[in-house]
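Q: Okay, structure incoming, though there's no sequence with it:
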Ligand code: FE
């Protein structure tokens, strides 16, 4: 598997404190949700809808702005390539202390795919909440073993000559995929460009939308 960046020593430097923290928080949230539902104060379906909105719309908008800036401004793209943490912070999107970002740019020859093989490390500051499938053991193992198969299940078929690089996230280093800018977007402003950038495109399980899909 050429271009495969999975690091098998990664377990030794992986910090899992954050996951214990989130498990505890999730348990508290679940308890609260149950209590409020039993008292007839909330509808669980409404909560699911809100979470879905944060997963797919609100959270990833930050990342979409980063990508749109990179597409529209070569100087910003160069900065993002050199020091993603600083370039992203300049737009006001900062993560928890110790979280470093790396932007991986898709090219016509290479497609990038992000996973956390050990748990669910995810670039919260730019993508918001991770989708359920990102945390699922099936994705975490198969993204490494069979990235092309995983991509096809997401509806992404790449030429057989395109290399796929898999990046394994850690608590210390999170990845943001910069998808290829779609054809037919010459002269577009950042607002319009950012509408083409989906959450999955920034994980690498999708591609940026083509302009036609917005019409
Ligand atoms: Fe993790």
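A: The structure has been received and is ready for your questions. Since the model is a prediction, treat every value here as computed from it, not as a measurement. Residues are numbered from 1 along each chain as shown.
Q: what's the model's confidence in stretch 28-39, averaged?
A: Stretch 28-39 shows a mean pLDDT of 85.
Q: Any regions of this structure where pLDDT drops low?
A: Confidence mapping of the chain against pLDDT under 70 gives the ranges 1-23, 96-98, 215.
Q: if you go through it in chain order, where are the helices?
A: Counting by DSSP state H, the chain has these helices, from start to end: 17-38, 44-53, 59-72, 74-82, 84-89, 124-127, 132-135, 137-145, 147-153, 190-194, 199-203.
Q: Can you lay out the ones you listed as TSV showing mean neighbour count and distance to residue 113?
A: C-beta coordinates here come from the backbone N, C-alpha and C atoms, glycine included. Formatted as TSV, those follow (neighbours: other CB atoms under 10 Å; distance: least, CB to CB, whole Å):
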stretch	mean neighbour count	distance to residue 113
helix 17-38	11	22
helix 44-53	11	23
helix 59-72	23	15
helix 74-82	15	18
helix 84-89	19	17
helix 124-127	22	14
helix 132-135	16	11
helix 137-145	16	6
helix 147-153	17	5
helix 190-194	17	22
helix 199-203	24	7
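Q: Go ahead and confirm residue 147 touches residue 113.
A: Yes: here residue 147 reaches residue 113: they are 5.3 Å apart, a contact under CB atoms under 8 Å.
Q: Close to the ion: what parts of this structure are there?
A: 116, 119, 121 (CB under 5 Å from the ion).
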